[in-house]
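1. 3D model of this:
(one chain, ligands or ions: 2)
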Amino acid sequence: MSDGSVKSGLFLVVSAPSGTGKTTVCRKFLKQTPGVRFSVSYTTRSPRRGEVDGRDYHFIPEEDFRCRIAEGEFAEWAENYGNLYGTSAKTMREFLEKGEDLLLDVDTRGARALKKNFPGGIYVFILPPDLDALRARLSRRGSEARETMERRFSRAIEEIREAFGYDYVVCNDRVDEAVDCIRSIYIAERCRTARWTGKIEQLIPE
Ligand code: ADP
Ligand code: 5GP
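-> Numbering: from 1, shown residues only. Ligands and ions are numbered 1, 2, ... in the order given. Sure, this is the predicted structure:
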């Protein structure tokens, strides 16, 4: 029997300038929150050290990615630093219809496109505590040419302006605190009255 609560999943869209620590924070959040699944994006970039195909990204050749664009497979896609990144609309729909909650890691353009195509998301922007910390974290991540790193750093400033368009902002000074903030947002959003109207009505005697 239905408990009267809303059964469709909710989705959190998380963006941050590269190097902010979004991957670190999101991984920890997902570990602590078994009810939320990660939406695995498609990308044409090569895996970094420790990244696993199918878990972190679906790593595919550019030709394959372009075919998927032509077939309308992506809810949104964007080019970042010469590589393509996209979210599968079909996978997203399937999970949400099954009532699974999703976490999406997309850039600010992706977030804007999702807002248009998929109503109802919760948009969270992660900020670095300051620009020196951002630069240090970017270089610690390694495996990239200095020039690419500098490009990511310059782009970070532009991306931070986009934070105004998000529902929530989380500052990643300490990882655990940032994870707690995202968990609090998620838990509060699950408790929204709109998700519980069926239950409320069920409990009111005729
Ligand atoms: P992003 O996914 O935003 O590009 P990563 O999660 O890959 O960033 O983190 C970049 C680097 O910063 C990694 O070396 C990571 O361990 C480190 N890092 C992440 N969060 C913090 C934090 N709060 N304090 C210090 N270092 C951090
Ligand atoms: P990275 O190469 O550091 O993993 O990711 C680079 C940027 O691409 C990050 O800002 C990340 O959020 C973004 N990104 C990852 N997956 C997607 C996606 O499916 N769509 C879009 N638009 N951006 C993505």
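
2. CA only for contacts and neighbour counts going forward, please
-> Fine.

3. now for G54, how many residues are close by?
-> The local packing of G54 (other C-alpha atoms under 10 Å) involves 11 other residues.

4. number of nearby residues for the residue lying closest to it once chain neighbours are set aside?
-> Leaving aside its chain neighbours, G54 sits nearest to V40 (6.9 Å; criterion: C-alpha to C-alpha, 6 or more residues apart in numbering). If you count neighbours by other C-alpha under 10 Å, V40 ends up with 21.

5. got the contact list for V40?
-> Shown in contact with V40 (C-alpha atoms under 8 Å, 6 or more residues apart in numbering): G54, R55, D56, Y57, H58, T87, L104.

6. torsion angles phi and psi at the closest residue to the second one other than its chain neighbours?
-> When you say that, I think you mean R55. In this structure, R55 finds its nearest non-sequential neighbour in V40, 6.5 Å apart by C-alpha to C-alpha, 6+ apart. According to degrees, to the nearest 10, the main-chain angles of V40 amount to phi -80, psi 120.

7. re earlier: any idea how far the residue nearest to G54 lies from ligand 1?
-> 14 Å (C-alpha to the nearest ligand atom, to the nearest Å).

8. tell me where the chain is predicted with low confidence.
-> In the predicted model, the chain carries pLDDT under 70 at residues 1-6, 142-144.

9. now with 50?
-> Where the chain drops to pLDDT under 50, the residues are 1-2.

10. that one: helices as residue ranges?
-> All helices of the chain, identified by DSSP state H, fall at 22-32, 62-70, 89-97, 108-117, 131-141, 146-161, 175-190, 197-203.

11. tabulate the ones you listed (a markdown table), appending mean neighbour count and distance to ligand 1.
-> Output for these, formatted as a markdown table (neighbours: other C-alpha atoms under 10 Å; distance: least, C-alpha to the nearest ligand atom, whole Å):
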| stretch | mean neighbour count | distance to ligand 1 |
| --- | --- | --- |
| helix 22-32 | 17 | 4 |
| helix 62-70 | 13 | 22 |
| helix 89-97 | 16 | 21 |
| helix 108-117 | 17 | 13 |
| helix 131-141 | 15 | 4 |
| helix 146-161 | 14 | 9 |
| helix 175-190 | 16 | 4 |
| helix 197-203 | 13 | 37 |
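
12. for ligand 2, find the nearest of the ones you listed.
-> In terms of C-alpha to the nearest ligand atom, the element of the helices of the chain nearest to ligand 2 is helix 108-117, at 3.6 Å.

13. and that closest one with ligand 2, contact?
-> Yes. Counting by C-alpha under 6 Å from any ligand atom, ligand 2 has neighbours in helix 108-117: R109, G110.

14. ditto for stretch 57-69
-> No. On the criterion C-alpha under 6 Å from any ligand atom, stretch 57-69 is out of touch with ligand 2, staying 7.7 Å away.
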